[in-house]
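[1] model the structure of this input:
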Amino acid sequence: MTKIKRTHRGNLAAYTCGIACGWTSPEIPKFKEDGSPLVAPLTADEESWVGSLLPVGAAIGPFFAGIAADKIGRKKSLLLAIIPFLIAFGLACITKTVLYLFILRFLCGLGVGIVFTVLPMYIGEIADDDVRGQLGSFLQLFITFGLTFSYAAGPYLDIKTFNLICLVVPLLFIILFSIFIPESPYYLIQIDKEEAAENSLMKLRSATAKSVSSELHEIKKSVEDAKANKAGFLDIFATKSLTKAFVISLSLVFFQQLSGINVIIFYAQDIFKDAGSTLAPEISAILIGVVQILSSGLTPILVEKSGKRLLLLVSAVGMTLSLAVLAYYFYLLERKEDVSSISWLPIVCLISFIIVYCLGFGPLPWAVLGELFPGNVKSIASTCTASFCWAIGFLITKYFSLVADQIGKSCSFGIFSLFCLFAANFVLLYLPETTGKSLQEIQELLSK
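    As a prediction, this is how the structure comes out:
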């Protein structure tokens with residue numbers, strides 16, 4: 001339990017990412033009102049840029065993260081990742097122009113990109129074998145905590161007060177993480193600080209030097225093997241198994257983004273408002289956040305029992321059905337049919353979508369990524385996959401409103417539903433089960 005509690009302090013960085021991702025849902029409506037602190041209310045085009053600049057920053061962040069993690073260590077890289085959030089939330093308190101909004105959303109994205117790259121790496125290196133799977137799944141859970149905070153507090157606080165409160169979590173992370181959490185023993189071995197690595201491992205395991213000596217030896221061997229077989233980007237295509245692993249990783253995050261998740265998270269209140277939901281949009285968004293927390297909490301339990309492949313398959317099928325029904329609802333709405341008797345339907349659809357997303361396609365593509373690659377290419381593969389993921393996220397978030405205006409929300413959600421169906425087929429046909437298998441077994445599966 002001590003191991004898990006200590007690592008949760010690191011997940012305050014994920015909590016901060018969640019706040020940043022959910023920030024647009026309650027805040028953008030305020031900047032569109034007549035009482036907006038901006039010189040002029042946000043236009044539709046400006047709104048799309050505010051929503052989509054976070055994915056732009058997040059696509060760039062992993063490249064900084066990969067360099068920083070090797071040069072200054074995992075711990076300092078995570079502390080560095082929090083600085084953009086502090087600047088962004090500070091800017092939000094005083095913003096008067098749209099340019100400030102653009103800058104702060106890009107900075108949030110930069111921080112998100114670094115955290116998403118370094119935090120899983122750090123957790124994977126410090127976690128004991130018996131809790132590694134659980135701790136990896138907690139990343140998604142803490143993100144949903146942050147999202148729900150934005151959904152719950154944002155609509156009821158003025159812009160300045162809300163963003164001052166947002167500053168508290170990253171500041172708390174800096175204090176707790178810098179004082180109580182040690183550097184990764186893997187990194188310390190990499191830079192030839194064996195004594196520091198031993199002390200770090202003793203603190204992480206709450207054990208004596210004798211108790212950790214065996215694990216320290218394994219870490220040294222792993223680091224030596226990685227140095228001896230150090231690889232670059234092109235080495236990913238050197239073998240059939242690595243190439244297939246890379247294609248699977250890119251495909252999973254591609255389908256994750258084409259499910260429309262970022263559109264739903266960033267514009268939750270607007271979607272409920274457009275759907276004519278019987279609940280107030282802000283209440284509906286809070287409900288979505290609570291459901292995310294509950295369903296994300298189930299993933300660490302289910303993944304060990306059911307395996308990742310089955311959960312991903314159930315997730316894809318569930319998202320397909322949820323979005324198809326939502327698309328049909330918007331189709332009736334666009335035809336000006338009377339939908340008052342089924343005004344509850346958008347809430348049910350989005351709740352069911354969020355549940356199955358959080359059980360599978362939310363956290364598991366990243367967990368699968370961590371298992372598909374050997375240590376010598378894992379860093380470069382993770383960086384490329386994370387960057388690709390957020391680049392797709394930018395395109396969808398930026399152009400969703402424009403496309404939806406042209407073809408209607410019914411067609412837009414119908415297209416998302418179709419991609420979820422493609423995702424189900426991909427998982428069924430091409431994804432091997434990685435749960436409970438060693439790296440060697442996974443590589444042999446990929447080679448077939």
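
[2] only C-alpha atoms from now on, for both contacts and neighbour counts.
    Fine.

[3] any stretches of the stretch 151-300 of the chain with poor pLDDT?
    266-270, 274-279 (pLDDT under 70).

[4] can you pull out the strands in it?
    Remark: no strands are assigned in the stretch 151-300 of the chain by DSSP state E, counting those that start in this stretch.

[5] hang on, residue 24 packs against residue 51?
    Yes: the pair residue 24 / residue 51 is scored as a contact, 6.6 Å apart, by Cα atoms under 8 Å.

[6] buried residues in the helix or strand residue 443 falls within?
    Assigned by DSSP states H and E, residue 443 belongs to helix 439-447. By neighbour count with 16 or more other Cα atoms under 10 Å, helix 439-447 contains the buried residues 442, 443, 446.

[7] which of these sits closest to residue 333?
    Of all these, residue 333 sits closest to residue 446, with 46.4 Å by Cα to Cα.

[8] residue contacts, the closest one?
    Shown in contact with residue 446 (Cα atoms under 8 Å, 6 or more residues apart in numbering): 240, 241, 242, 244, 245, 432.

[9] and the residues you listed, which of them are in helices?
    Judged by DSSP state H, these include 240, 241, 242, 244, 245 as members of helices.

[10] and these, which are buried?
    Buried members of these, counted by 16+ other Cα under 10 Å: 241, 242, 244, 245.

[11] how about the contacts of residue 446 in TSV, adding distance to residue 146?
    Shown next, in TSV, are the contacts of residue 446 (distance: Cα to Cα, whole Å):
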residue	distance to residue 146
240	40
241	37
242	35
244	34
245	31
432	32
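
[12] of those residues, closest to residue 297?
    Using Cα to Cα, residue 432 comes nearest to residue 297 of those, at 24.4 Å.

[13] which ones are touching the closest one?
    Contacts of residue 432 (Cα under 8 Å, 6+ apart): 309, 442, 445, 446.

[14] from those, which is closest to residue 392?
    The shortest approach to residue 392 among the contacts of residue 432 belongs to residue 309, at 23.0 Å (Cα to Cα).

[15] how many neighbouring residues does the residue nearest to that closest one when sequence neighbours are not counted have?
    Leaving aside its chain neighbours, residue 309 sits nearest to residue 433 (5.4 Å; criterion: Cα to Cα, 6 or more residues apart in numbering). By the criterion of other Cα atoms under 10 Å, residue 433 has 15 neighbours.

[16] go ahead and confirm residue 75 touches residue 183.
    Yes: Residue 75 is in contact with residue 183 according to Cα under 8 Å; the separation is 5.4 Å.

[17] rewinding a little: in CSV: the buried ones among the ones in helices among the contacts of residue 446, plus distance to residue 141.
    Output for these, formatted as CSV (distance: Cα to Cα, whole Å):
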residue, distance to residue 141
241, 31
242, 30
244, 29
245, 26
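
[18] quick one: which of those is nearest residue 169?
    Looking across those and measuring by Cα to Cα, the closest to residue 169 is residue 245, at 36.0 Å.

[19] ok, the closest one to residue 174 distance?
    Look at residue 245 and residue 174: by Cα to Cα, to the nearest Å, they are 35 Å apart.

[20] could you do residue 429 as well?
    Taking Cα to Cα, one finds residue 429 at 44 Å from residue 174.

[21] check residue 196 too.
    21 Å.

[22] count of neighbours near residue 53?
    26.

[23] and the biggest helix by length in the chain, how far out from the chain's middle?
    The longest helix of the chain (DSSP H) is helix 375-430. How far helix 375-430 lies from its chain's middle: 13 Å, per Cα atoms, centre = their mean, to the nearest Å.

[24] against which helices or strands is that helix packed?
    Counting contacts by 3 or more Cα pairs under 8 Å, 6 or more residues apart in numbering; DSSP states H and E, helix 375-430 packs against helix 44-71, helix 98-126, helix 209-228, helix 240-258, helix 261-266, helix 308-334, helix 364-372.

[25] from the chain's centre, how far out does the second one sit?
    The chain centroid and the centroid of helix 98-126 are separated by 10 Å under Cα atoms, centre = their mean.

[26] what is the mean pLDDT for it?
    Averaging pLDDT along helix 98-126 gives 89.

[27] buried residues in that helix, which are they?
    So, applying 16+ other Cα under 10 Å, buried residues of helix 98-126: 98, 100-126.

[28] could you give the angle of it to helix 375-430?
    100 degrees (axes from the mean of the first three to the mean of the last three Cα atoms, to 10 degrees).

[29] from the contact counts, what lies against helix 98-126?
    Using 3+ Cα pairs under 8 Å, 6+ apart: helix 98-126 touches helix 12-22, helix 44-71, helix 74-94, helix 132-153, helix 185-190, helix 375-430.

[30] now render those helices as a markdown table, adding distance to residue 314.
    Listed next are those as a markdown table, based on distance: least, Cα to Cα, whole Å:
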| stretch | distance to residue 314 |
| --- | --- |
| helix 12-22 | 25 |
| helix 44-71 | 27 |
| helix 74-94 | 33 |
| helix 132-153 | 17 |
| helix 185-190 | 36 |
| helix 375-430 | 8 |
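
[31] rewinding a little: between the ones in helices among the contacts of residue 446, which is closest to residue 364?
    Residue 364 has its nearest neighbour among the ones in helices among the contacts of residue 446 in residue 245, at 14.5 Å by Cα to Cα.

[32] helix, strand, or coil at residue 39?
    Secondary structure, DSSP: H, G, I helix; E, B strand; the rest coil: residue 39 is coil.

[33] ok, and what's touching stretch 248-259?
    Outside stretch 248-259, the residues touching it (Cα under 8 Å, 6+ apart) are 319, 361-362, 365, 368-369, 385, 388-389, 392-393, 396, 416-417, 419-420, 423, 430-431.

[34] buried only: go through those for me.
    Among these, those buried by neighbour count (16+ other Cα under 10 Å) are 319, 361-362, 365, 368-369, 385, 388-389, 392-393, 396, 416-417, 419-420, 423, 431.

[35] closest one to residue 231 among the helices and strands packed on helix 98-126?
    The closest of the helices and strands packed on helix 98-126 to residue 231 is helix 375-430. By Cα to Cα, the value is 5.7 Å.

[36] quick one: work out the angle between that closest one and helix 308-334.
    In terms of direction (the same axes, to 10 degrees), helix 375-430 departs from helix 308-334 by 60 degrees.

[37] angle of helix 375-430 against helix 209-228?
    Interaxial angle, helix 375-430 versus helix 209-228 (the same axes, to 10 degrees): 80 degrees.
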